[in-house]
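Asker: One predicted model, sequence on top.
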Amino acid sequence: MRRAALRLCTLNKGLLTPARGLTQGSQNPEKQNVFHILEACSPIHVNHGVCVRDKLREIVGASTNWRDHVKAMEERKLLQSFLAKSQEGLPPRRMKDSYIEVLLPLGSQPELREKYLTVQNTVRFGRILEDLDSLGVLVCYMHTRIHSAKMSPLSIVTALVDKIDLCKKNLSPEQDIKFSGHVSWVGKTSMEVKMRMFQLHGNEFCPVLDATFVMVARDSENKGPAFVNPLIPESPEEEELFRQGELNKGRRVAFSSTSLLKMAPSAEERTTIHEMFLSTLDPKTISFRSRILPPNAMWMENSKLKSLEICHPQERNIFNRIFGGFLMRKAYELGWATACNFGGSRPFVVAVDDIMFQKPVEVGSLLFLSSQVCFTQGNYIQVRVHSEVASLQNKEHTTTNVFHFTFMSEKEVPLVCPRTYGESMLYLDGQRHFNSMSVPVNLRKDFLVEP
Ligand SMILES: CCCCCCCCCC(=O)SCCNC(=O)CCNC(=O)[C@H](O)C(C)(C)COP(=O)(O)OP(=O)(O)OC[C@H]1O[C@@H](n2cnc3c(N)ncnc32)[C@H](O)[C@@H]1OP(=O)(O)O
């Protein structure tokens, strides 16, 4: 493991610091051993947030200037011959082969802090989403690397942010942050990546969040699928992680096959919607059409916020499409503003789940983001952000992503009331996402993670 970490680190031009143990303060005993084995690894240093991205550009031979991007992609075509014809033709890898740590030295580099800072002196969660996305891709390149080749023939893209759960810890912009990640499951062309984030608290790095992403390998030109190396679990803990990855795949299939876009709501859900509908009928009239808001409630349509982004070349990823992390940051920040506007106080993000990257976003697209509160309970606000693109030439809109964020407000929030059948489905979908949150956290003063 140390060998793998050092090889990676030598490419980082000596920006190394001594390792600090990751098991300290670890909250998940199942994962502890995996991280324990690997704790001696030295982290990559992030210098002004570019180091992981520089490494990725180097691995795929991406251009640093937009004017060279066509030439860089032409050169990548030559790598096509390095692609495996079958998965069996690729050497198996261990979880520790892909394990990496990255240090974000917010504490020791004040100039880096500006990029991560909110006005309330906390860390911008949108920036963390970007870092997780880049790290997840780098982890997959570690899993699939060909030792004899300088560049990878694979184009690895983010397909899904399965889950991000935040622990009860505040994020200070004045303390170093450390990320770690490794591949935890593979299919034929897809890889599940588990990542964790820690923040220095006194002398120890304490866990802040756990994330699970799914990345998909594509050919050199990002036009078709490509095989990835098999993964061999080496200990009972790793076998459990692998088994969990298999279960996660099954759970995703089940969740999607019962989607409200395909199937009617359950009997219990239908009752919920009918009771909500009855609670909005005006008792003074005998009509299904005169609707009034119940006390302490808001119509769902009035919770909406929208924004538009022009997708400039600056926001491109290493494959000359728009960077998934950028899309997440923009969606998250709009979602946060929606929750803030709705709840009337500063909300804190608790969970992110099921962000599916359905279609790549082309450079030059117009990106339309539309955000609304779709479910509330107590202090919790479930926000859904829908993104669609249109090219400048073609006015047709295509959905690229749907984002789900769970926020917690400092005070109890109003009920959100669907008025139409479509909104009722959004409400139920929001409720399903809310119920899938694994660790509901209690509001604490030190639980501060903001845009
Ligand atoms: C400045 C920044 C520099 C640093 C950048 C770092 C790189 C950052 C990476 C990115 O930014 S990527 C940009 C965001 N992501 C995208 O634009 C992806 C858009 N979506 C797609 O291109 C396609 O939907 C995708 C390639 C993900 C899937 O295409 P298909 O639906 O045709 O896939 P297919 O049916 O062939 O399935 C291929 C594999 O993906 C799996 N898969 C597809 N969608 C999935 C999903 N939603 N969840 C889980 N797995 C999924 C599927 O199960 C299968 O796995 P196995 O081969 O292992 O069986």
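Answerer: Thanks, I have the structure now.
Asker: I figured residue 372 hits residue 339, correct?
Answerer: No: taking contacts as C-beta atoms under 8 Å, residue 372 lies outside contact range of residue 339: 10.4 Å. For the C-beta atoms, the positions are set from N, CA and C on the backbone; glycine is no exception.
Asker: Comparing those two, which shows the higher neighbour count?
Answerer: Each of residue 372 and residue 339 has its neighbours counted (other C-beta atoms under 10 Å); residue 339 has more, 30 against 23.
Asker: Pull the contacting residues for the more buried one.
Answerer: 347, 373, 381, 383, 405, 407, 409 (C-beta atoms under 8 Å, 6 or more residues apart in numbering).
Asker: Mind doing that once more with 6 Å?
Answerer: Residue 339 is in contact with 347, 381, 383, 407, counting by C-beta atoms under 6 Å, 6 or more residues apart in numbering.
Asker: do residue 292 as well
Answerer: residue 282.
Asker: Tell me where the protein has strands.
Answerer: 44-45, 100-104, 155-166, 177-186, 190-201, 204-218, 297-299, 305-310, 348-357, 366-377, 380-390, 398-408, 415-417 (DSSP state E).
Asker: how much does the second one deviate in direction from strand 204-218?
Answerer: Okay, so that is strand 100-104. Interaxial angle, strand 100-104 versus strand 204-218 (axes from the mean of the first three to the mean of the last three C-alpha atoms, to 10 degrees): 120 degrees.
Asker: Who does strand 100-104 pair with, and is each partner parallel or antiparallel?
Answerer: Sheet pairing of strand 100-104 (DSSP bridges) gives strand 44-45 (parallel), strand 177-186 (antiparallel).
Asker: picking up where we left off before, just put the strands of the chain in TSV and tack on mean pLDDT and distance to the ligand.
Answerer: Shown next, in TSV, are these (pLDDT from 0 to 100; distance: least, C-beta to the nearest ligand atom, whole Å):
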stretch	mean pLDDT	distance to the ligand
strand 44-45	57	14
strand 100-104	94	13
strand 155-166	95	4
strand 177-186	96	7
strand 190-201	96	3
strand 204-218	95	4
strand 297-299	97	32
strand 305-310	97	14
strand 348-357	92	4
strand 366-377	97	12
strand 380-390	96	11
strand 398-408	94	7
strand 415-417	97	27
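Asker: can you list those in TSV and add distance to residue 271?
Answerer: Listed next are the strands of the chain as TSV, based on distance: least, C-beta to C-beta, whole Å:
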stretch	distance to residue 271
strand 44-45	52
strand 100-104	47
strand 155-166	28
strand 177-186	37
strand 190-201	36
strand 204-218	33
strand 297-299	19
strand 305-310	31
strand 348-357	25
strand 366-377	16
strand 380-390	20
strand 398-408	24
strand 415-417	16
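Asker: and this structure, which of its residues are near the ligand?
Answerer: Contact residues, the chain versus the ligand (C-beta under 6 Å from any ligand atom): 53, 56, 133-134, 137, 157-160, 187-190, 214, 216, 218, 225, 252, 317-318, 321, 323-324, 356-360.
Asker: partner residues bridging residue 404?
Answerer: According to DSSP bridges, beta-bridge pairing links residue 404 with residue 353, residue 384.
Asker: How many residues are close by the nearest residue to residue 273 once chain neighbours are set aside?
Answerer: Of all residues not flanking residue 273 in the chain, residue 424 sits nearest, at 4.6 Å (C-beta to C-beta, 6 or more residues apart in numbering). Per other C-beta under 10 Å, the neighbour tally for residue 424 reads 22.
Asker: so residue 424 makes contact with residue 274?
Answerer: No: contact criterion C-beta atoms under 6 Å: residue 424 and residue 274 do not qualify, at 9.3 Å.
Asker: hmm, back to that, quick one: the residue nearest to residue 273 from residue 100, how far?
Answerer: 45 Å (C-beta to C-beta, to the nearest Å).
Asker: who's in contact with residue 307?
Answerer: Contacts here follow C-beta under 6 Å, 6+ apart; on that basis residue 307 touches 334, 369.
Asker: so what's it bridging to?
Answerer: Beta-bridge partners for residue 307, by DSSP bridges, are residue 369.
Asker: in this protein, which spans are helices?
Answerer: 2-10, 29-37, 51-60, 69-77, 95-98, 110-116, 125-144, 236-257, 267-279, 324-343, 421-435 (DSSP state H).
Asker: Same list (the ones you listed) but as TSV, adding mean pLDDT.
Answerer: Below are the helices of the chain laid out as TSV (pLDDT from 0 to 100):
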stretch	mean pLDDT
helix 2-10	28
helix 29-37	32
helix 51-60	90
helix 69-77	86
helix 95-98	96
helix 110-116	91
helix 125-144	96
helix 236-257	93
helix 267-279	96
helix 324-343	97
helix 421-435	96
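Asker: Distance to residue 181 for those - can I get that in a markdown table?
Answerer: Compiled in a markdown table, those are given as follows (distance: least, C-beta to C-beta, whole Å):
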| stretch | distance to residue 181 |
| --- | --- |
| helix 2-10 | 12 |
| helix 29-37 | 11 |
| helix 51-60 | 11 |
| helix 69-77 | 25 |
| helix 95-98 | 8 |
| helix 110-116 | 19 |
| helix 125-144 | 4 |
| helix 236-257 | 12 |
| helix 267-279 | 36 |
| helix 324-343 | 14 |
| helix 421-435 | 24 |
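Asker: do you know which of those helices lies nearest residue 207?
Answerer: Judged by C-beta to C-beta, the one of the helices of the chain that comes nearest to residue 207 is helix 29-37, at 9.7 Å.
Asker: Just give me the neighbour total for the closest residue to residue 265 other than its chain neighbours.
Answerer: Leaving out its chain neighbours, the residue that sits closest to residue 265 by C-beta to C-beta, 6+ apart is residue 428, at 5.4 Å. The local packing of residue 428 (other C-beta under 10 Å) involves 21 other residues.
Asker: Then residue 289?
Answerer: Counted with other C-beta under 10 Å, residue 289 comes out at 7.
Asker: gap between it and the ligand?
Answerer: Going from residue 289 to the ligand by C-beta to the nearest ligand atom, to the nearest Å gives 40 Å.
Asker: And that residue, how far from residue 437?
Answerer: Taken as C-beta to C-beta, the span from residue 289 to residue 437 is 36 Å.
Asker: next one: phi and psi at the residue of the chain found nearest the ligand?
Answerer: Taking C-beta to the nearest ligand atom, the ligand has its nearest neighbour within the chain at residue 187, 2.2 Å off. Here is the backbone geometry of residue 187 (degrees, to the nearest 10): phi -100, psi -140.
Asker: burial measure for the nearest residue to it once chain neighbours are set aside, as a count.
Answerer: Nearest residue to residue 187 in three dimensions, chain neighbours excluded: residue 249, at 7.0 Å (C-beta to C-beta, 6+ apart). Using other C-beta under 10 Å, the number of residues around residue 249 comes to 16.
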